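> Prediction below, plus the sequence it came from.
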Amino acid sequence: HATLTGKVAFVQGGSRGIGAAIVKRLAREGATLAFTYVSSPDKAQAVVAAVEAAGGRALAIQADSSDAVALKQAISIAAETFGRLDILVNNAGVLALGSVEEFKLEDLDRTLDVNVRSVFVASQEAVRFMQEGGRIISIGSTNADRMPFAGGAAYAMSKSAIVGLTKGLARDLGPRGITVNNVQPGPVDTDMNPASGEFAETLKGLMALPRYGKDEEIASFVAYLAGPEAGYITGASLSIDGGFSA
Ligand code: NDP
């Protein structure tokens, strides 16, 4: 049975990969969706069409997560269009790799703006609308716990920041009955990290389960955390990583 009937969810970065799978899964659980995209309008519209074909409702909004004004506006449009906001999923993320000797300051800023600052900004805006039972779920990374190759310092830092941010937000919002959690995937087959990519064999060698995860597997975990059965989980960073960090 559907666990999110009557709920409204907002997903940062829902046009491709893990975010698109989350949008479709939450819609299947009965939620009404708004999600953002930046550079993939056609893919965003395809996600809307897939949700509608399955009998759901979704709204795609172009908003760059590094632009605090645009991001807040997208969240308030969603809350006003659908009359409420129950679930925020902070999925938008970028991966810039490079050794510290060569890493560009603009890549560092972009990494922190999209992967970290947007989580704070979106949470701040979303809780203006959330009631008791609200959910904030961020997509961090197993690289917060384990960064077993060179060139990932900025990315690992950005995902580690989500661990602390999740704990602090959980303390702020606990009295309001809003939970805040961080889902830390291992390698998942997407455009960001294709299972056919040059790093794939190395990554599989580092895992307890030597395979890539599927975006649906991450979406299923997010749907559980968004649902009523997960109401006692908060402030947690939860790995779904095939044993990458084991
Ligand atoms: P993809 O690159 O495949 O997709 C990224 C999605 O986020 C797209 O929908 C993209 O939209 C959107 N997006 C990117 N930048 C922005 C932005 N500035 N503002 C709004 N939306 C944005 O990534 P994945 O699906 O692989 O990753 C999703 C999340 O999961 C990220 O936070 C990533 O760090 C994390 N993760 C991924 C892992 C993996 O192995 N794939 C492992 C661990 C964590 P558009 O195309 O429209 O620009």
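Okay, I see it.

> Please count neighbours and contacts with C-alpha atoms only from this point.
Fine.

> and this structure, which residues reach the ligand?
Counting by C-alpha under 6 Å from any ligand atom, the residues of the chain close to the ligand are 12-19, 36-40, 63-66, 91-94, 114, 139-141, 185-193.

> Can you flag which of the residues you listed belong to strands?
When the residues of the chain next to the ligand are checked against strands (DSSP state E), the matches are Gln12, Thr36, Tyr37, Ile139, Pro185.

> for those, which one is nearest Gly235?
Ile139 (13.4 Å; C-alpha to C-alpha).

> Touching, Ala161 and Val116? I think so.
Yes. Here Ala161 reaches Val116: they are 6.8 Å apart, a contact under C-alpha atoms under 8 Å.

> quick one, which of those two is more surrounded?
Taking neighbours as other C-alpha atoms under 10 Å, Ala161 and Val116 compare with Val116 leading, 25 against 17.

> mind checking how far the residue of the chain most remote from its centre is from Ser39?
In the chain, the residue that sits farthest from the middle, by C-alpha atoms, centre = their mean, is Glu101; the gap is 29.6 Å. For Glu101, the distance to Ser39 equals 30 Å [C-alpha to C-alpha, to the nearest Å].

> before we move on, what about Ala70?
Applying C-alpha to C-alpha, the value for Ala70 to Ser39 is 15 Å.

> if you count what's nearby, which of the two comes out ahead?
Legend: neighbour count by other C-alpha under 10 Å for Ala70 and Ser39, higher for Ala70 (15 against 11).

> So in the protein, which helix runs the longest?
helix 153-173 (DSSP state H).

> Could you measure from the residue lying closest to Leu112 once chain neighbours are set aside over to Thr142?
Excluding the flanking residues, the one nearest Leu112 by C-alpha to C-alpha, 6 or more residues apart in numbering is Ser158, at 5.9 Å. The gap separating Ser158 from Thr142 is 12 Å, by C-alpha to C-alpha.

> One more: Tyr224?
Distance, Tyr224 to Thr142, using C-alpha to C-alpha: 19 Å.

> And the helices in this protein?
Remark: helices assigned in the chain by DSSP H are 17-28, 41-53, 68-82, 105-112, 118-126, 153-173, 200-204, 215-226.

> contact partners of the longest one?
By that I understand helix 153-173. Helix 153-173 is contacted from outside by 95-97, 99-100, 108, 111-112, 115-116, 120, 138, 140-141, 143-145, 147, 178-182, 234-237, using C-alpha atoms under 8 Å, 6 or more residues apart in numbering.

> cutoff 6 Å now
Contacting residues not belonging to helix 153-173 are listed as Leu112, Val116, Gly140, Ser141, Asn143, Ala144, Val180, Asn181, Gly235 [C-alpha atoms under 6 Å, 6 or more residues apart in numbering].

> Next: the last one.
Contacting residues not belonging to helix 215-226 are listed as Ile18, Ala21, Ile22, Leu26, Arg135 [C-alpha under 6 Å, 6+ apart].

> Quick check: mean pLDDT of it?
In this model, helix 215-226 has an average pLDDT of 98.

> in it, what's buried?
Asp215, Glu216, Ile218, Ala219, Phe221, Val222, Ala223, Tyr224, Leu225, Ala226 (16 or more other C-alpha atoms under 10 Å).

> I'd like to know how far the residue positioned nearest the centre of the chain sits from Ser138.
Among the residues of the chain, the one closest to the centroid is Asn91, at 2.0 Å (C-alpha atoms, centre = their mean). Distance, Asn91 to Ser138, by C-alpha to C-alpha: 6 Å.

> Name the stretch among the helices of the chain that sits most buried.
helix 17-28 (a mean of 25; mean count of other C-alpha atoms under 10 Å).

> Against the ligand, how distant is Asp172?
For Asp172, the distance to the ligand equals 23 Å [C-alpha to the nearest ligand atom, to the nearest Å].
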